[in-house]
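Peer 1: Okay, predicted coordinates and the sequence, questions at the end:
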Amino acid sequence: MAMVRVNGVRLAYDEAGSGPPVVFVHAALADRRMWERQYRALSKTHRVIRYDWRGYGDSDDASGDFAHHEDLLGLLDALDVNDAVLVGCSMGGAISLKVAADYQGELTGIVGLEATAYAPGRYNEFLHHPAIHGGELCASYTLGLCAPSSPEAAKRENWWYYAQGGPGVYAGDVHYYSFDWDAREDIRRIDARKCRVSLLTGEYDYSCTPAMTEAVAAAIPDAPPVAKRTLPSKSITRPPPAPRCVVDTGSCARSARRRRAGSGR
């Protein structure tokens, strides 16, 4: 593990391998450990980076006003990452969509797992309640997004990761995601000719349904026809052997990177 100072806080991250850069952006309540298998596999052929958002894992606590996508951009600058592919899950996928909308000329592409531009209805008051064990509730709440066909060991591993968030963290995340997050207009700025966008969504994940993913793809200008298959599971830590849902928009065109420097960002 290493630490890098970004926007006034220290973010924890791991880095391995060499080659084209891939940056993993974890889901709400999770941390960088959720990418362990993907991190190890891709490090054989790529420069791979996984990090903890502020307030998560080993990173500094969150306080004051901040934006996760600005922290991600600061991390890319601090580590001198050029033309990366961002791989984001759930709320991490939403962060990746925002970066692609605003800074697509600096990316090769993004992969959004359960990523949507608008996700109302997920929040409930029991996620942080004095009579309820928040860790078990939040983990079980997320476990319910997995398909019956998901490997049992993978589902339990997901449960364990999601059980370790601090009190109220997931409630705060989901409140933001349900009431404040709306990037339906932002994603219209993504140019699929410059920044490749791949979206993968499990058919049993009611927090980001295939229809919500299709709406994201439909909103991206110049995207080619959607190729749809169905993924039986949200089990990201250990996916089933034959994934079945991919929405792939755009060719892998790369544009010159514009350095983010000072107030020019």
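Peer 2: Received the coordinates, thanks. Residues are numbered from 1 along each chain as shown.
Peer 1: C-alpha from now on. contacts and neighbour counts both.
Peer 2: Noted.
Peer 1: Show the residue spans covered by the helices in the stretch 101-250 of the chain.
Peer 2: Ranges of helices in the stretch 101-250 of the chain, per DSSP state H, counting those that start in this stretch, are 134-143, 152-162, 169-175, 210-219.
Peer 1: For the first one, buried residues please.
Peer 2: Of the residues in helix 134-143, those with enough neighbours to count as buried (16 or more other CA atoms under 10 Å) are 134, 135, 136, 137, 138, 139, 140, 142, 143.
Peer 1: and if you look at stretch 66-84?
Peer 2: 69, 70, 71, 72, 73, 74, 75, 76, 81, 82, 83, 84.
Peer 1: What mean pLDDT does it get?
Peer 2: For stretch 66-84, the mean pLDDT works out to 94.
Peer 1: For the stretch 101-250 of the chain, give me the ranges with low pLDDT.
Peer 2: 223-250 (pLDDT under 70).
Peer 1: again, 90 this time
Peer 2: 104-105, 119-151, 154-155, 157-178, 180-181, 192-194, 198-211, 213-214, 221-250 (pLDDT under 90).
Peer 1: Put together JSON lines for the helices of the stretch 101-250 of the chain, with distance to residue 59 on each row.
Peer 2: Output for those, formatted as JSON lines (distance: least, CA to CA, whole Å):
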{"stretch": "helix 134-143", "distance to residue 59": "20"}
{"stretch": "helix 152-162", "distance to residue 59": "16"}
{"stretch": "helix 169-175", "distance to residue 59": "14"}
{"stretch": "helix 210-219", "distance to residue 59": "30"}
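Peer 1: hang on, the earlier thing: for the buried residues of helix 134-143, which one is nearest residue 199?
Peer 2: residue 142 (19.7 Å; CA to CA).
Peer 1: could you check the distance from the closest one over to residue 102?
Peer 2: 30 Å (CA to CA, to the nearest Å).
Peer 1: same question, residue 204
Peer 2: Applying CA to CA to residue 204 and residue 102 gives a distance of 30 Å.
Peer 1: Would you mind telling me which of these two has more residues around it?
Peer 2: Ranked by neighbour count (other CA atoms under 10 Å), residue 204 and residue 102 place residue 204 first, with 19 against 15.
Peer 1: So for the more buried one, what's the nearest residue that isn't a sequence neighbour?
Peer 2: Nearest non-adjacent residue to residue 204, counting by CA to CA, 6 or more residues apart in numbering: residue 147, 5.5 Å away.
Peer 1: For the one you found, the count of nearby residues, please.
Peer 2: 18.
Peer 1: how about the strands in the chain?
Peer 2: Along the chain, the segments classed as strands by DSSP state E run 2-6, 9-16, 21-25, 47-51, 84-89, 107-113, 196-200, 247-249.
Peer 1: Quick one: list the elements packing against the third one.
Peer 2: Going back to what we said before, that points to strand 21-25. strand 47-51, strand 84-89, helix 91-103 (3 or more CA pairs under 8 Å, 6 or more residues apart in numbering; DSSP states H and E).
Peer 1: what separates the longest one from the chain centre, distance-wise?
Peer 2: Which is helix 91-103. 8 Å (CA atoms, centre = their mean, to the nearest Å).
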